[in-house]
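> Starting from these lines, generate the structure:
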Amino acid sequence: MFDSLKEKLQDVFSGLAKRGVLSESDVDAALREVRLALLDADVALPVVKSFIARIRDGAIGSDVLRSVRPDQQVIKLVNDALTEALGGDAAPLNLATNPPAVILIAGLQGSGKTTTAGKLALRLRSRERKKVMLASLDVTRPAAREQLRLLGEQAEVGVLPEVDQETPGQIAKRALQAAKLQACDVLILDTAGRISIDEALMSELRDIKKLTDPHEILLVADALTGQDAVNTAEAFHNAINITGIVLTRLDGDARGGAALSMRHITGCPIKLVGVGEKQDALEDFDPARMAGRILDMGDVVALVEKAAETLEADEAERIAKRMAKGQFDMNDFLAQIRQIQKMGGLGGLMGMLPGIGKMQRQIAAAGFDDSMIKRQEAIILSMTKKERVSVNLLNASRRKRIAAGSGTSVQEVNKIVKQYQDMSRMMKKLGGKSGAAAMKAMMGNGMSSVGAAGGVMPDMDALSKGMGKLPNMPGMPGMPGGLKGGLPGLGGKPSKKKK
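Predicted coordinates:
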């Protein structure tokens, strides 16, 4: 979502890196570019003015350190200002100690209210271990209640049965009584939306709020609506005092200004963000981590959390034992590919790695995308069981058959075989005594290198010394070679072509 803003800010920082000391004119020139980048990203003008004023005061004030590079000074100031503009500290949902906690979902039609209600129900049931009930108060949109019922079934939570000829207020009262009788921890009320803000909608919401006394009133806003999302948020906040914002379609190509503007204008925190179509694609919003993503500093914490949620412990342990013995076949390679897909694909993972924004063009030129992962999976699935265990069986005719069966080319089959062979050689070296010693040295040295996010960065130099020269460090399945300077955090550099 923030790709355009990220790219423009990176250009500003690159220009500052060449300067020795920041003068006032340098600061003004850089802030002019930052201002244009924010306005181009649909950030509201009052927010831009406040944002720029804060950075300028810090950049030319007494806080500037002479020992730090100019671009690093400005990145730090922009990071602090972004974090503050996005809300400062993360704001968790207010789930009452005396159940049921009532969460009222509001917003315009088409913003994703019903889908968000289903996603939130699944999240609370699976992560928080809460007993959840869903209730649709939308009696105007056809099939709205049927959609929520299907989402409730998918999330495996209770859904209030329909009764004809009820008003939204009567449904809300019945839902609250049912939630109490069934000892539910959370009751999620999905309200009706309108194409535009009108008094009838606000009056209905005020009545429901009075009847249910909700602990959370979440405004669901589409990130693609740009500046109009700010007007929507302000109107809803003035009418019903919303307690938080849920931004949907954060995985789209929106410019990102809505997130900065809505928080500043309403004073309400952004609590959740929708990052995809799947029902589990709902994440907590952390201002500091989002600011890190915008400034291409990565989000290692989110990467670790996603890995902990999606990776199967038994499967990971099985592969680890095989690697310790120096055993690694195409079935293991396929398992790694599928684990990457579970974690959101290459695009999702790369977006969380620090410094990756500077390499976007090289990555695109190398064909580094999720479609490549799917093609690799198709190639392996086109192999026989014997071929997956023993790649040496793959002669020219077999490779032609695999290419035809997977809808790929022989060259792509050759590439994945070469990549597998590189990884296999690395695993065999890890399985030996020198490899084990290198791993121990790597982890020992790595413990002293703790990143800002609290993650441990392993010492790749110690690993390469113990294992000898590796064939173009493969990193992970689906990762092409030939990226200048290697990928950040993976330690490997591309092999140099012979002239």
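> count of neighbours near Glu199?
Applying other CB atoms under 10 Å, we find 8 residues neighbouring Glu199. Using the backbone N, CA and C atoms, a C-beta is placed for each residue, glycine as well.
> Next, the contact list for it, please.
By CB atoms under 8 Å, 6 or more residues apart in numbering, Glu199 lies in contact with nothing.
> Kindly list the main-chain dihedrals of it?
phi -70, psi -30 (degrees, to the nearest 10).
> Distance check, it against Ala239.
Computed as CB to CB, to the nearest Å, the Glu199 to Ala239 distance reads 9 Å.
> and what of Ala29?
Counting by CB to CB - Ala29 and Ala239 are separated by 43 Å.
> More neighbours: which of the two?
Neighbour count, other CB under 10 Å: between Ala29 and Ala239, Ala239 has more, with 17 against 13.
> residues making contact with stretch 386-401?
By CB under 8 Å, 6+ apart, stretch 386-401 touches 329-331, 334, 380, 382-383, 402, 410, 413-414, 417, 420-421.
> Dump those residues into JSON lines; add distance to Ala175 and secondary structure as well.
Converted to JSON lines, the contacts of stretch 386-401 look like this (distance: CB to CB, whole Å; DSSP: H, G, I helix; E, B strand; the rest coil):
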{"residue": "Asp329", "distance to Ala175": "54", "secondary structure": "coil"}
{"residue": "Met330", "distance to Ala175": "52", "secondary structure": "helix"}
{"residue": "Asn331", "distance to Ala175": "49", "secondary structure": "helix"}
{"residue": "Leu334", "distance to Ala175": "46", "secondary structure": "helix"}
{"residue": "Ile380", "distance to Ala175": "49", "secondary structure": "helix"}
{"residue": "Ser382", "distance to Ala175": "52", "secondary structure": "coil"}
{"residue": "Met383", "distance to Ala175": "54", "secondary structure": "coil"}
{"residue": "Ile402", "distance to Ala175": "56", "secondary structure": "helix"}
{"residue": "Val410", "distance to Ala175": "60", "secondary structure": "helix"}
{"residue": "Val413", "distance to Ala175": "57", "secondary structure": "helix"}
{"residue": "Asn414", "distance to Ala175": "60", "secondary structure": "helix"}
{"residue": "Val417", "distance to Ala175": "58", "secondary structure": "helix"}
{"residue": "Tyr420", "distance to Ala175": "55", "secondary structure": "helix"}
{"residue": "Gln421", "distance to Ala175": "60", "secondary structure": "helix"}
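> among those residues, which ones are buried?
Using 16 or more other CB atoms under 10 Å as the burial test, the contacts of stretch 386-401 include Asp329, Met330, Leu334, Ile380, Ser382, Met383, Ile402, Val413, Val417, Tyr420 as buried.
> ok, of those, which one's closest to Pro46?
Leu334 (52.8 Å; CB to CB).
> What sits closest to the closest one if chain neighbours are left out?
Once flanking residues are discounted, Leu334 sits nearest to Ile380: 4.7 Å by CB to CB, 6 or more residues apart in numbering.
> likewise Arg174?
Leu160 (6.9 Å).
> Quick one: residues contacting that neighbour.
Per CB under 8 Å, 6+ apart, neighbours of Leu160: Met133, Leu134, Ala135, Ser136, Ile171, Arg174, Ala175, Ala178.
> likewise Asp207?
Pro168, Gly169.
> now it: how far from Ile402?
64 Å.
> now swap in Leu187 and tell me
54 Å.
> Tell me the pLDDT of Val391.
We have a pLDDT of 89 for Val391.
> typo on my end, Lys180
94.
> Likewise for Glu166?
Looking at Glu166, the pLDDT reads 92.
> Please tell me how far Gln339 sits from Glu283.
The value you get for Gln339 to Glu283, if CB to CB is used, is 19 Å.
> and what of Ala229?
19 Å.
> In the stretch 301-450 of the chain, where is pLDDT below threshold?
301-316, 319, 323-324, 326, 343-370, 430-450 (pLDDT under 70).
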